[in-house]
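Colleague: only geometry, no sequence info:
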C-alpha cells in the first residue's frame with residue numbers, strides 16, 4: 001500500500017509541476033514582499049509590462065487575484081498569504097542547492113574518507129598520509145577498505161568509497177572512472193642476515209630459483225606479479241610458506257633460509273626492524289605502478305580534490 005501511495009504522490013507532483021511555470025515563483029515572492037507591481041518588477045529585473053503579464057499568469061495558475069488594491073495600497077489575498085512562506089522556503093532551498101560548493105576547511109572538517117587499497121597501501125601510504133593529515137586536518141577520519149572482489153564503480157558512485165588506490169597492472173578499471181598514474185614501485189628480495197646469500201648484492205635468476213620462497217597473500221591469491229613474470233619465461237619458483245601479510249612473511253624469513261620478494265619501500269621498513277638483508281633481485285624483475293582512482297561525480301567535490309592533493313604531495 002505504501003508503494004502505491006508513493007506512486008500516486010509522485011504522479012500528483014509531476015502533474016502539478018506541468019501546470020506551473022516555476023519561473024513564476026521568484027516573481028510571486030517579489031510581489032508578496034513589495035506589495036507593489038512596479039517595485040516587484042525592479043526587484044526581479046523585469047519591465048513593467050513583463051511583470052504585469054507575469055502577474056496575470058500567476059492569477060490564472062492559482063485561480064486567485066493574489067494582490068488586490070485596498071485603502072492602504074495593494075493587499076495580499078488569504079491564498080497568497082498562505083503560499084508566501086512555502087514558496088519562499090522553496091526558493092531558499094533552491095538557492096542553497098545551486099550555490100557554489102563551499103571550500104573544504106581541513107582545520108575544522110570532521111569528514112570521513114574511505115580509501116580502498118591493498119596491503120601495500122596500508123603499509124606504505126596510510127602511515128604517511130595519516131602523519132600528514134594529523135598536522136593539517138586533526139579531526140578528519142581515515143578508513144581503509146581492503147581491495148578485494150568488490151566492484152569499484154558502484155562503491156565510488158554511491159560515496160561509500162572516496163578514492164581507490166589500485167595497482168595499474170591488475171586493476172580492472174571501468175572507462176567511466178577517473179584515474180591518474182601515481183607511485184612506481186619495484187620489488188627487491190629479503191633474506192635473513194644468516195642466509196648464505198646475505199653478503200651478495202644481487203640474486204641471479206639461477207640463484208633465485210634455487211631458493212624456497214615465502215609468499216605474502218593478504219587476499220588468499222595463488223599468483224602475483226612474480227609468478228606472472230616467471231610464467232612468461234616458462235619458469236616457476238618453489239613456495240615454502242604462504243602468509244597473510246608482509247610482516248608475518250618477513251618474520252618467517254628472518255628465522256629461515258627462505259626468500260621474500262617485496263616492494264622496496266616495505267622491504268626497507270622490514271629490514272630496519274628485523275634481522276634481514278635487502279638484496280637486488282634478478283635482472284628484469286617486475287615492479288608495479290599505483291593509480292589514484294575516483295568517480296567523475298566527485299570531480300569538483302572540494303573534499304575529494306583536497307584529499308587527492310594530499311596524496312600527490314606525499315614523500316614516500
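Modeller: Received, thanks. Every value quoted in this text rests on a predicted model; they were computed, and no experiment measured them.
Colleague: would you state the strands of this protein in chain order?
Modeller: 67-70, 73-76, 112-117, 141-146, 163-167, 178-192, 212-216, 238-243, 259-263, 276-279, 287-294 (DSSP state E).
Colleague: which of those strands sits most buried?
Modeller: Neighbour counts (mean count of other CB atoms under 10 Å) averaged over each of these peak at strand 259-263, with a mean of 25. Quick note: C-beta positions are derived from backbone N, CA and C, even for glycine.
Colleague: average pLDDT across that strand?
Modeller: Across strand 259-263, pLDDT averages out at 96.
Colleague: partner strands of it, parallel or antiparallel?
Modeller: The pairing partners recorded for strand 259-263 under DSSP bridges are strand 178-192 (antiparallel), strand 212-216 (parallel).
Colleague: distance between the last one and the chain's centre?
Modeller: Remark: strand 212-216 is offset 34 Å from the chain centroid, using CA atoms, centre = their mean, to the nearest Å.
Colleague: residue ranges in the stretch 51-200 of the chain under the pLDDT threshold?
Modeller: 101, 149, 170, 198 (pLDDT under 70).
Colleague: residue 157: which of the strands of the chain is closest?
Modeller: strand 287-294 (10.5 Å; CB to CB).
Colleague: relative to strand 259-263, how tilted is the closest one?
Modeller: Angle between the axes of strand 287-294 and strand 259-263 is 40 degrees (criterion: axes from the mean of the first three to the mean of the last three CA atoms, to 10 degrees).
Colleague: against which helices or strands is strand 287-294 packed?
Modeller: Judged by 3 or more CB pairs under 8 Å, 6 or more residues apart in numbering; DSSP states H and E, the packing partners of strand 287-294 are helix 152-158, strand 163-167, strand 178-192, helix 302-312.
Colleague: residues contacting residue 59?
Modeller: 65, 66 (CB atoms under 8 Å, 6 or more residues apart in numbering).
Colleague: tabulate the strands of the chain (TSV), appending distance to residue 55.
Modeller: Below are the strands of the chain laid out as TSV (distance: least, CB to CB, whole Å):
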stretch	distance to residue 55
strand 67-70	7
strand 73-76	10
strand 112-117	49
strand 141-146	53
strand 163-167	52
strand 178-192	48
strand 212-216	75
strand 238-243	78
strand 259-263	71
strand 276-279	81
strand 287-294	48
